[in-house]
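[1] based on what follows, work out the 3D shape:
(2 chains)
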Amino acid sequence: MKDNYDIVVVGAGPAGSTTARFAAATGASVVLLEKDRDVGVPVRCAEGVSEAGLTSVLDTIDERWIDNRVSDVMFHSPSGKIVELRFNQVGYILNRKLFDYDLAHMAIKAGAELYTKAYVYDLLRDDDRIVGIKFTHLGKKYKVKAKIVIGADGVESRVGRWAGIKTRTKMRDMETCAQYTACDVDLSSKHLHLYFSSRVAPEGYLWVFPKGEGRANVGLGISGEAAKKKSPFACLNEFMAERFPHASLLNCFAGGVPCDQTLATIVRDGLMLVGDAAHQVNPITGGGIAPALIAGKIAGQVAGQALNQGNVSAKAFQDYPRRWHKAEGRNHQIFYKLKNYIYKLTDEELDSIADAGLKVPKEKRSMITLFRAALIKKPSLILDAVKVFA
Amino acid sequence: MQQIFLEKIAYNRAVCDFCGACVAVCPHDSIELFEADLCITASCTLCKNCVYVCPVRALEIIDEG
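    Numbers count the residues shown, from 1 in each chain, chains lettered A, B, ... in the order given. Here you go, the predicted structure:
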């Protein structure tokens, strides 16, 4: 490893690897530092993504990344009503281990260097200026200078904190999650299942994402506030006992998802934040893969451009927040409003939304059908819903 | 890295999944997490955000007083 790079990227998840890839493609020297011993492991993800979410950034979709394809979603209401909806595009259930490996490999092929077990613990400063990072690797301390530091350090988002950005996630916006990968579950491989109910998953939802061959990711997220009463694993275990009492579990994970709007500040002089670290998660679904790819591409390109122009000030990075806002950020603002509304719905209201959805024939049903029913008391939000779902 | 374990919070390493949710909601940046190593530093004010947000309940307040 050199002691000086144009760019150091902290975290080799989808956001970090994609940023590194697009920055390296501009000719910048890039080092990517991952704190875990392995890229893509442990998987802390339900692994669902839409086709468009991948193709917006990736030229080709490798079959090895895809565990299963889904075409329909079934919404389960608190009293057990099921509203089935056809997706307007293919949904993928990924194999995140292979996917993350390949994203990191793409960064390396573009010229980036990658080190695992590299734990970044502080920024390197010259007076007030950020000039790199400090990290430990195999028990030794190192310093690396860089013109630009990219914080892609996930939900923890400490790189941004060190730079003075308020990256803390509010308890209401933090979805605390639990998931099992279950096998021997009897399910159609074509259908996602989403459960909305204050009993099953208060201030959140429960998902069943089939991975094929009788396997499924069964998990849920509930807000940090709701978790004061009951832990997500307590909720999940109750559901498993009820719905899949005979399933064997291949895997179990815990995690936090910042279901928030994008942070107000995602660039500073010599520093950018991407992915979960910048709260670039779709706040209504908790989906973070596609936003990470989109933000990573923009951030990498803008970082490369700034270096070529010899200016790494926050002002020189403004194209990044501007393009991000246009691509996804402004939609996330709407999703955030809708999320806050949906979380306040009572079980009775959720059931009546299901009733309204069931009155519309399946072929005519859409997300808008459901949101029209959901937002009946808040018509001003219907226009917002149309903007993001139509 | 400061490594002060507060006597008022019990950390159960055997239960912890090292996900970082606690780090994200800590108002004072008081939690350090590296692979299988978590420590709580002196700036902790016992606000309990980490205790509640932990999906596996690996953190626990020992002494409420």
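[2] A:Q89: neighbour count?
    11 (other C-beta atoms under 10 Å in any protein chain shown). Glycine gets a C-beta too; all of them are placed from N, C-alpha and C.
[3] isn't there a strand covering it?
    Yes. According to DSSP: H, G, I helix; E, B strand; the rest coil, A:Q89 belongs to a strand.
[4] distance check, the closest residue to it other than its chain neighbours against A:G296.
    Distance criterion C-beta to C-beta, 6 or more residues apart in numbering or on different chains; nearest residue to A:Q89, sequence neighbours excluded, is A:E51 at 5.0 Å. The spacing between A:E51 and A:G296, counted by C-beta to C-beta, to the nearest Å, is 18 Å.
[5] same thing with A:G164?
    Taking C-beta to C-beta, one finds A:G164 at 23 Å from A:G296.
[6] can you check A:V70 too?
    25 Å.
[7] looking at those two, which has the bigger crowd around it?
    Using other C-beta under 10 Å, the more surrounded residue of A:V70 and A:G296 is A:G296, with 30 against 20.
[8] my read: the more buried one touches A:A23, true?
    No. Between A:G296 and A:A23 there is no contact under C-beta atoms under 8 Å: 9.2 Å.
[9] could you find the closest non-adjacent residue to the residue in chain B positioned nearest to chain A?
    The nearest approach of chain B to chain A comes at B:A21, 2.8 Å away (C-beta to the nearest C-beta). Excluding the flanking residues, the one nearest B:A21 by C-beta to C-beta, 6+ apart is A:G256, at 2.8 Å.
[10] over to residue 42: give its phi and psi.
    Just so you know, I chose chain A. phi -70, psi 150 (degrees, to the nearest 10).
[11] wait, chain B
    Dihedral angles for B:A42 - degrees, to the nearest 10 - are phi -60, psi -20.
[12] so what's A:L338 up against?
    Contact partners of A:L338, counting by C-beta atoms under 8 Å, 6 or more residues apart in numbering or on different chains, are A:284, A:371, A:381, A:384-385, A:388.
[13] show me which residues of the helix or strand that contains it are buried.
    Using DSSP states H and E, A:L338 falls within helix A:330-342. Residues A:331-332, A:334-342 are the ones in helix A:330-342 that count as buried (16 or more other C-beta atoms under 10 Å in any protein chain shown).
[14] name the residues of chain A found near chain B, please.
    A:35-37, A:42, A:44, A:117, A:119, A:121, A:154-158, A:161, A:167-171, A:174, A:176-178, A:224, A:227-228, A:231-233, A:253-256, A:258 (C-beta under 8 Å from any C-beta of the partner chain).
[15] mind checking which of these are in helices?
    Applying DSSP state H to the residues of chain A next to chain B, the entries found in helices are A:158, A:161, A:232-233.
[16] for A:L123, list each beta-bridge partner.
    Beta bridges link A:L123 to A:I133, judged by DSSP bridges.
[17] what sits against it?
    Contacts of A:L123 by C-beta under 8 Å, 6+ apart are A:130, A:132-134, A:149, A:159, A:162-163.
[18] cool, A:F335 as well?
    A:F335 touches A:282-285, A:388, counting by C-beta under 8 Å, 6+ apart.
[19] try 10 Å this time
    Listed by C-beta atoms under 10 Å, 6 or more residues apart in numbering or on different chains, the contact partners of A:F335 are A:259, A:261, A:281-285, A:287, A:328, A:384-385, A:388-389.
[20] keep only those of these that are in helices.
    Among these, the members falling in helices (DSSP H) are A:384-385, A:388-389.
[21] most neighbours among the residues you listed, which one?
    That'd be A:A385 among the ones in helices among the contacts of A:F335, by other C-beta under 10 Å, with 22 neighbours.
[22] what pLDDT does that residue get?
    A:A385 carries a pLDDT score of 90 in this model.
[23] mind checking which helix or strand the spatially closest residue to it that is not a sequence neighbour is in?
    Among residues not flanking A:A385 along the chain, A:F371 sits closest, at 4.0 Å (C-beta to C-beta, 6+ apart). According to DSSP H and E, A:F371 maps onto helix A:367-374.
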